[in-house]
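Student: What shape does this take:
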Amino acid sequence: MRNNNSKDNSKIYVTHIIKEHIKTFRHPKTNSLTRRDKFTFIWAPILFSFILSLTLGKPSDKMIDVLNVSLSVFVGLFLNLLVLILSILNKDTEKTTDKKGRKNLIKETFTNISFTIILGLIALGFVLLSTWRPFSENLTLDIIKLNLKLDYNCIYGNTISFILYSFIVELILTLLMVIKRIYSLFKVEIEESE
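Tutor: Okay, the predicted model is just below:
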């Protein structure tokens, strides 16, 4: 399944993982996203991050520390989860009646976990960006007619916070989806072992 495209051969090019993740939402018969999935994984993160941006604002120093530690631990946990999923794939499945469905569920779960790792790494990057002040403190935009001053660092901080909250909400929602899939996989394993 190798592609000769130079982008696909790059060691850090992960767009194919994102594309495969999006494919896991497509309905098998219509090949389209359901309204529920569109709301849950597109509109809900935007809505919640907007609310979080308004209520919490820019993350505090303590919140940044908690996010750094939490995201770092979760990325490591997700890497271990990938190994666990691979061990399920290698198990003997003689008793499994729907081998193709099981293999597809494992593949989709593997893709979702890989996507979650990418989300966690990007969110970590935005946590670090939220601590940065790219503009000098006295750089503001005066809008004389409106008697309004815009602080560039404030605009930057709010934008980064909104994006950070979006990634965190998306990560939580994807994690819930992964948990449901892993539960389904292990439930079948447990029932077959009885």
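
Student: Need the contact partners of stretch 54-62.
Tutor: Applying CB atoms under 8 Å, 6 or more residues apart in numbering, the contact partners of stretch 54-62 are 63, 67, 127, 130, 157-158, 160-161, 164-165. Quick note: C-beta positions are derived from backbone N, CA and C, even for glycine.

Student: Tell me the confidence at residue 35?
Tutor: As predicted, residue 35 sits at a pLDDT of 87.

Student: swap in residue 189?
Tutor: At residue 189, pLDDT is 74.

Student: Give me the spatial nearest neighbour of it, chain neighbours excluded.
Tutor: residue 88 (7.0 Å; CB to CB, 6 or more residues apart in numbering).

Student: and that neighbour, how far is that from residue 104?
Tutor: According to CB to CB, to the nearest Å, residue 88 stands 13 Å off from residue 104.

Student: More neighbours: which of these two?
Tutor: Ranked by neighbour count (other CB atoms under 10 Å), residue 88 and residue 104 place residue 88 first, with 18 against 13.

Student: the helices in the protein, which residues?
Tutor: Remark: helices assigned in the chain by DSSP state H are 15-23, 35-38, 44-56, 61-90, 99-130, 152-193.

Student: export the ones you listed to JSON lines and tack on distance to residue 29?
Tutor: Shown next, in JSON lines, are the helices of the chain (distance: least, CB to CB, whole Å):
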{"stretch": "helix 15-23", "distance to residue 29": "14"}
{"stretch": "helix 35-38", "distance to residue 29": "15"}
{"stretch": "helix 44-56", "distance to residue 29": "25"}
{"stretch": "helix 61-90", "distance to residue 29": "26"}
{"stretch": "helix 99-130", "distance to residue 29": "15"}
{"stretch": "helix 152-193", "distance to residue 29": "20"}
